[in-house]
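**Q** I'll drop the sequence and a predicted model, then ask my questions.
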Amino acid sequence: MTTPTTLGDPASLSAVRTSEPSPRAQAETARTARAAILTEVDDHLVAVHSPQSFEADQYRILRHFLDQDSGGAKRQVLAVTSPTAGDGKTTTAVNLAVTLAQSPGARVVLIDADLRRPFVATSLGLDDRRGPGLAATALDPKLELEQLVRPTPFNVDVVPAGPSTPSAYRLFDSARVGQLLDQARRRYDHVLVDTPPVLLVPDCRLMSQWVDGFIVVVAAHRTPRKLLVDGLGALEEGKVLGVVFNADDRPLSGYFGRYEGYYGYHQPH
């Protein structure tokens with residue numbers, strides 16, 4: 001599991017640090033996963049399985065950052081990306097979406113725009129092969145957002161990638177994605193888009209014109225600094241909100257030693 005603590009200025013390469021789950025969070029995940037509604041949900045989703053854990057709290061800190069005054073700049077439509085594959089961007093996107101949806105009255109949609117390696121629907125227990133997804137809009141221009149949306153038990157609507165087609169990748173060269181995101185703006189408070197890695201394919205950069213900002217996810221101790229710098233440089237200047245260092249356990253060993261009791265308190269029955 002992974003979770004963020006603070007979102008820093010990308011210019012200084014400071015970042016959200018995420019961590020591997022504590023033993024207490026792992027135990028809570030195991031208990032919660034027995035519930036039938038969650039049996040198909042990825043156990044990396046701490047916002048679902050362990051909402052009172054330290055790890056889930058870090059996504060609430062990220063939500064607070066996004067809710068802060070941005071000097072008038074919009075932060076309604078956000079893309080979550082990474083320099084390369086395997087950095088944990090989808091886990092970050094889904095956890096953040098669930099956390100945003102926990103605010104009273106919040107309307108949240110998560111769009112899987114990683115048409116080559118989609119995982120959003122699967123991670124939330126949905127069948128990505130049932131019904132049309134984002135890829136289908138490349139073939140059928142009459143498809144509207146409401147026909148693509150799939151509800152979840154977590155107050156998050158999902159637009160799955162859906163079965164891919166040979167022409168699906170041309171979707172990002174057209175105005176079709178922009179039209180769908182405009183529909184999402186009118187219907188939702190928060191629109192998160194899980195995009196392909198920025199350095200592997202051009203899709204993410206093509207989407208820059210339609211999103212308000214990017215959150216860049218990297219794997220701590222694994223993603224080379226050069227890839228991070230190159231990834232940031234490939235995105236539109238001024239739209240990168242910050243960097244998430246995924247699975248970074250360096251600052252947490254002492255933290256759990258001091259505050260284990262706080263996160264281990266017992267709720268009254």
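**A** Here it is on my side, so go on. Numbers count the residues shown, from 1 in each chain.
**Q** What residues does Val240 make contact with?
**A** Residues near Val240 by CB atoms under 8 Å, 6 or more residues apart in numbering: 10, 213-214, 216, 232. Using the backbone N, CA and C atoms, a C-beta is placed for each residue, glycine as well.
**Q** which of those residues lies closest to Ser50?
**A** Top of the list for closeness to Ser50, among those and by CB to CB, is Val216 at 24.8 Å.
**Q** Mind listing the residues bridging to the closest one?
**A** Going by DSSP bridges, Val216 is paired in beta bridges with Thr81, Val243.
**Q** Does it touch Gly233 like I think?
**A** No - taking contacts as CB atoms under 8 Å, Val216 lies outside contact range of Gly233: 11.1 Å.
**Q** These two: which has the busier surroundings?
**A** The residue with more neighbours, out of Val216 and Gly233, is Val216; 27 against 11, by other CB atoms under 10 Å.
**Q** Which pLDDT value belongs to the more buried one?
**A** The confidence metric pLDDT takes the value 93 at Val216.
**Q** Could I get the full set of strands for the stretch 1-150 of the chain?
**A** When assigned using DSSP state E, counting those that start in this stretch, the strands of the stretch 1-150 of the chain occupy the ranges 16-17, 77-81, 108-112.
**Q** can you count the residues close to Val98?
**A** 24.
**Q** How about it, nearest residue that isn't a chain neighbour?
**A** Across the structure, with CB to CB, 6 or more residues apart in numbering as the measure, the residue nearest Val98 apart from its sequence neighbours is Ala47 (3.9 Å).
**Q** What about the one you found, how many residues nearby?
**A** Neighbour count for Ala47, taken as other CB under 10 Å: 27.
**Q** and if you look at Leu181?
**A** Taking other CB under 10 Å as the neighbour definition, Leu181 ends up with a count of 23.
**Q** ok, now which ones touch the residue nearest to it when sequence neighbours are not counted?
**A** Closest residue in space to Leu181, ignoring its immediate chain neighbours: Trp210 at 4.8 Å, by CB to CB, 6+ apart. Residues near Trp210 by CB under 8 Å, 6+ apart: 77, 177-178, 181.
**Q** Please produce TSV containing those, extended by secondary structure and distance to Gly242.
**A** Formatted as TSV, the entries for the contacts of Trp210 read as follows, by DSSP: H, G, I helix; E, B strand; the rest coil; distance: CB to CB, whole Å:
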residue	secondary structure	distance to Gly242
Val77	strand	16
Val177	helix	23
Gly178	helix	24
Leu181	helix	21
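**Q** of all these, which comes closest to Ala85?
**A** For the contacts of Trp210, the closest approach to Ala85 (CB to CB) belongs to Val177, at 21.1 Å.
**Q** Thank you kindly, that will do.
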